[in-house]
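In: just the structure for this:
(2 chains)
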There are 2 protein chains.
Amino acid sequence: MKRTGTTVILSGIIFILAAALVGTLLYIRNQPAPTRGVAPITEIDRYEADSSIWGENFPNQFTTYQLTGSNQARTAYGGSEAFSKLEDDPRLVTLFAGYGFSKDYNEERGHAQSLTDVRETMRVNETTPGTCYSCKSSNNPGLWSEMGMAQFDKALFMELGAHISNPIGCANCHDPETMQLIVTNPALEEALLAQGKDWRTFTRQEMRTVVCANCHVEYYFAGEGKYLVFPWEDGTRIENISAYYAELGFKDWEHPQSGAPMIKMQHPEYEFFTADSTHYKAGVACADCHMPYTRDGAAKFSTHNVQSPLLNAEVACGACHAEVGYVTGRVATIQAQVRETMDASEEAIVAAIQSIQAAAELASVEADLLAEARDLHREAQLRWDFIAAENSMGFHNPEEALRILASATDLARQAQLKAVLAAGTGAVIQASGQ
Amino acid sequence: MKRTGTTVILSGIIFILAAALVGTLLYIRNQPAPTRGVAPITEIDRYEADSSIWGENFPNQFTTYQLTGSNQARTAYGGSEAFSKLEDDPRLVTLFAGYGFSKDYNEERGHAQSLTDVRETMRVNETTPGTCYSCKSSNNPGLWSEMGMAQFDKALFMELGAHISNPIGCANCHDPETMQLIVTNPALEEALLAQGKDWRTFTRQEMRTVVCANCHVEYYFAGEGKYLVFPWEDGTRIENISAYYAELGFKDWEHPQSGAPMIKMQHPEYEFFTADSTHYKAGVACADCHMPYTRDGAAKFSTHNVQSPLLNAEVACGACHAEVGYVTGRVATIQAQVRETMDASEEAIVAAIQSIQAAAELASVEADLLAEARDLHREAQLRWDFIAAENSMGFHNPEEALRILASATDLARQAQLKAVLAAGTGAVIQASGQ
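Out: The predicted structure follows:
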């Protein structure tokens, strides 16, 4: 009996200890990720632009972020090395003739190099507006709050630069008090509101995509004040964006060879990925692949070494996909299909430009048809550029990429045909080598 | 001690019994599916054409097969109802002008209706060769063995019909002794050999795709004897097939409006699916989706009610995908993108046909350019038809579908342009409504 009594008491103690341990572990596990195991050491100011100060509290996030300042790696079609896209594909010189991108167009490097890179690009000159800093610095949230976005945009790039000393960093996406993800770019907030959306009602998983839209979007500079606007009022599909610009009568520049009023697409990753892509529809956020969860000892955190998942496929793809080799094989196949189809679009647009130029030189040219040809050139090129400027060689949304490129080629060939009709003779095209 | 001895003996007995049970269960599990739990009742002859006799031994397979004789269901773009494709999409009348498919072109119905349907189509007449029965009857394996494929093909359809009384059935894919999957169509065996492949070395999972290629392929009738050939010698991609036909100087018919030597694509599901599609690369076979495993009490068998997986998505897609609603949503999105892109191809090809026709009517037409335009028409249309004739509205291989359609539209617009150049005046196109 005595032995049984001891056993009961010991079992009771073991049970209580085990329950306490489980409870404690569950408590730790349920703590919000950023503060887990890290007591705040430093108080962070409301618009603190210096990421290294945030880094005192969040060394894992900061150290991985720092890697974006030095990483230089190429993937099959992109990566984080600043190679010249113009050397890589000389057709771009014709496609962007008359615009800065025909002179200097490099692949983006990492977040921490954004400031260096924008200051070095030859596209910047003494008339460049402050708006061009919108996506380049963690000083922005503070400046936008202080001077308002209208003043920020109106300032000259060269002058505004005195107030800007940090590249993209923590303050561009986080609230320093709660560390929650927030929209900081007023243009994004306004563009969402124009669609009746309030980001403050979004889920955390939605925010893990939306904060990327602070920058990874198509935009334009409205009016004399070069006010930053995302053209989303009619929707974020390429057809909606094209219709929006047409209604507005907006152009980024006029193509000197074709005479068409052109639109340069920027980096519409957000619009393209959210256009019913398979990953987006499956609930995957940008951060899931580009900032996958990783471990430092017991701490689990989202790496802030934002880069191509192809450079980290075991972790980035492996979080969901069992066979990473199969998955990277799919990426290679799809990107090759998109590249091939994009090449055909570029050839068609270059042919259209040459034909329109040849037709326009004729005194007898039919003006109405020539105008139609120019409009078709614009429409073809903005569709092609939506995919070409987007940084995934179509992988963010493969079927959508191919659908849009098919349409771009179709429109470009129709532009070429209209130019011939405008010239009233096939000689135009023969002269342009067709 | 005695008690311990008894325990040891009893434990030994339990262990032996458990091991025996496990062994027996493993043995049962490893038996080939068809014979599991079904003692052969009927001896099946070597080339038994009557599927109901096979059905005495395999009631589940036969009963589900019989459903293909009565099922009539439409999906968004296909299904098993014999609706008229020409009424559905009147552009096909222009595209197939001068060929039987412009007069009668219906959606396929189920396997058990193959014989009725081929005998009722208005494409059959008194000169139709026996070759047209190649994919319509389970009498074929016996006839091919008896008379050889050359004689079978050479016979007239009307005469050969006397020996043919069964629709597609068991004998088209199974060895009656072992029930293993076999290639029965000599044309498939020859086409594989031309690529250095021997189906006898294929795995069972490979056979679950390859037997479908007994019929679901592109083919042509070679020479006077109308010998059945699959054009795979250079490979099974559309570019390979196009090159093969070009080398051969082969045409199915001449388009009466454009004068181009045309190729009609049949139903190249096998070539299209195996061109690096995501499902194929993941190891999925045709039968996995179109004949998913199902249960009748304790018996698990592959349903022989071969149909669109969309008509049975919970079972067909649900075997691998947890969220069937997500998956069918993907199918709908992708098929809409392919249909839209296919529409654009059709419009471009019709425009090319009209332009070539108008140009050819001019006495002053430039013959070389006209010939180039015709060649482009042929190349555009065979690419488009590779996707249009394939029964999945692109879903078997979405990116490949869109890649090919983009190219078809590009070629068609180039054909139209060449026609204008051949005419030497834009008036040609204006006349055709452009």
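In: what about the residue nearest to A:E126 when sequence neighbours are not counted, distance to chain B?
Out: Closest residue in space to A:E126, ignoring its immediate chain neighbours: A:M158 at 6.1 Å, by C-beta to C-beta, 6 or more residues apart in numbering or on different chains. The way it works is simple: take the backbone N, C-alpha and C, and place the C-beta from them, glycine included. As judged by C-beta to the nearest C-beta, to the nearest Å, A:M158 and chain B stand 44 Å apart.
In: send the alpha carbons of whichever strand or helix holds A:M158 over as PDB?
Out: Using DSSP states H and E, A:M158 maps to helix A:157-160. What follows is helix A:157-160, C-alpha atoms only, in PDB (Å, rounded to 0.1, in the frame of the first residue of the first chain):
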ATOM      1  CA  PHE A 157      15.200  65.100 -56.900                       C
ATOM      2  CA  MET A 158      18.500  66.900 -56.500                       C
ATOM      3  CA  GLU A 159      17.200  69.000 -53.600                       C
ATOM      4  CA  LEU A 160      15.100  66.400 -51.900                       C
END
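In: distance of the residue nearest to A:E126 from A:C132?
Out: 11 Å (C-beta to C-beta, to the nearest Å).
In: and those two? which has more neighbours close in?
Out: Per other C-beta atoms under 10 Å in any protein chain shown, whichever of A:M158 and A:C132 has more neighbours is A:C132, with 19 against 13.
In: residue contacts, the more buried one?
Out: A:C132 makes contacts with A:V118, A:V124, A:F157, as judged by C-beta atoms under 8 Å, 6 or more residues apart in numbering or on different chains.
In: chain B: which of these is nearest?
Out: Taking C-beta to the nearest C-beta as the measure, chain B lies nearest A:V118 of those, at 34.7 Å.
In: quickly find the element holding that closest one.
Out: Using DSSP H and E, A:V118 sits within helix A:114-120.
In: now do that helix: distance to the chain's middle.
Out: From the chain centre to the centre of helix A:114-120 is a distance of 17 Å (C-alpha atoms, centre = their mean, to the nearest Å).
In: which parts of chain A sit against chain B?
Out: Proximity of chain A to chain B, by C-beta under 8 Å from any C-beta of the partner chain, involves residues A:276, A:278, A:281-282, A:326, A:329-330, A:333-334, A:337-338, A:340-341, A:344, A:348, A:369, A:398-400, A:402-403, A:405-407, A:409-410, A:413-414, A:416-417, A:420-426, A:429-430, A:434.
In: from the residues you listed, list the buried ones, please.
Out: Buried by 16 or more other C-beta atoms under 10 Å in any protein chain shown: A:276, A:278, A:330, A:333-334, A:337-338, A:341, A:344, A:348, A:369, A:398-400, A:402-403, A:405-407, A:409-410, A:413-414, A:416-417, A:420-426, A:429, A:434, out of these.
In: measure A:A150 to chain B for me?
Out: In terms of C-beta to the nearest C-beta, A:A150 sits 40 Å off from chain B.
In: enumerate the positions of the strand or helix carrying that residue that are buried.
Out: Here A:A150 is covered by helix A:140-154, with elements defined by DSSP H and E. The neighbour-count check on helix A:140-154 (16+ other C-beta under 10 Å) flags A:N140, A:P141, A:G142, A:L143, A:W144, A:M147, A:M149, A:F152, A:D153, A:K154 as buried.
In: same deal with stretch A:282-294?
Out: Across stretch A:282-294, burial judged by 16+ other C-beta under 10 Å covers A:V284, A:A285, A:C286, A:A287, A:D288, A:C289, A:H290, A:M291, A:P292, A:T294.
In: I'd say the third one and A:T209 touch.
Out: Yes: in this structure, A:C286 sits in contact with A:T209. The criterion is C-beta atoms under 8 Å, and the distance is 4.8 Å.
In: quick check: neighbours shared by the two?
Out: When contacts are counted by C-beta under 8 Å, 6+ apart, A:C286 and A:T209 are jointly contacted by A:Y270, A:F273.
In: ok, back up a step: what helices and strands are in contact with the helix holding A:M158?
Out: Here helix A:157-160 touches no other helix or strand, going by 3 or more C-beta pairs under 8 Å, 6 or more residues apart in numbering or on different chains; DSSP states H and E.
In: these two touch, right, A:H321 and A:T328?
Out: No: in this structure, A:H321 is not within contact of A:T328 by C-beta under 8 Å, at 9.4 Å.
In: since we're on A:E87, how many residues are nearby?
Out: A:E87 - counted by other C-beta under 10 Å - has 11 other residues nearby.
In: do A:D296 as well
Out: Neighbours of A:D296 using other C-beta under 10 Å come to 12.
In: helix/strand/coil for the residue lying closest to it once chain neighbours are set aside?
Out: Nearest non-adjacent residue to A:D296, counting by C-beta to C-beta, 6+ apart: A:N60, 5.0 Å away. Here A:N60 is recorded as helix under DSSP: H, G, I helix; E, B strand; the rest coil.
In: now for A:A419: which residues touch it?
Out: A:A352, A:S355, A:I356, A:A358, A:A359, A:L369, A:L370, A:A373, A:V428, A:I429.
In: apply 6 Å and report the result again.
Out: For A:A419, the contact set (C-beta atoms under 6 Å, 6 or more residues apart in numbering or on different chains) comprises A:S355, A:I356, A:A359, A:A373.
In: kindly calculate the angle that the host helix or strand of it makes with helix B:398-423.
Out: A:A419 is part of helix A:398-423, with elements assigned from DSSP H and E. Orientation of helix A:398-423 against helix B:398-423 (axes from the mean of the first three to the mean of the last three C-alpha atoms, to 10 degrees) gives an angle of 10 degrees.
In: for the stretch 251-400 of chain A, what spans make up the strands?
Out: Secondary structure of the stretch 251-400 of chain A (DSSP state E, counting those that start in this stretch): strands at A:253-254, A:261-262, A:293-296, A:299-302.
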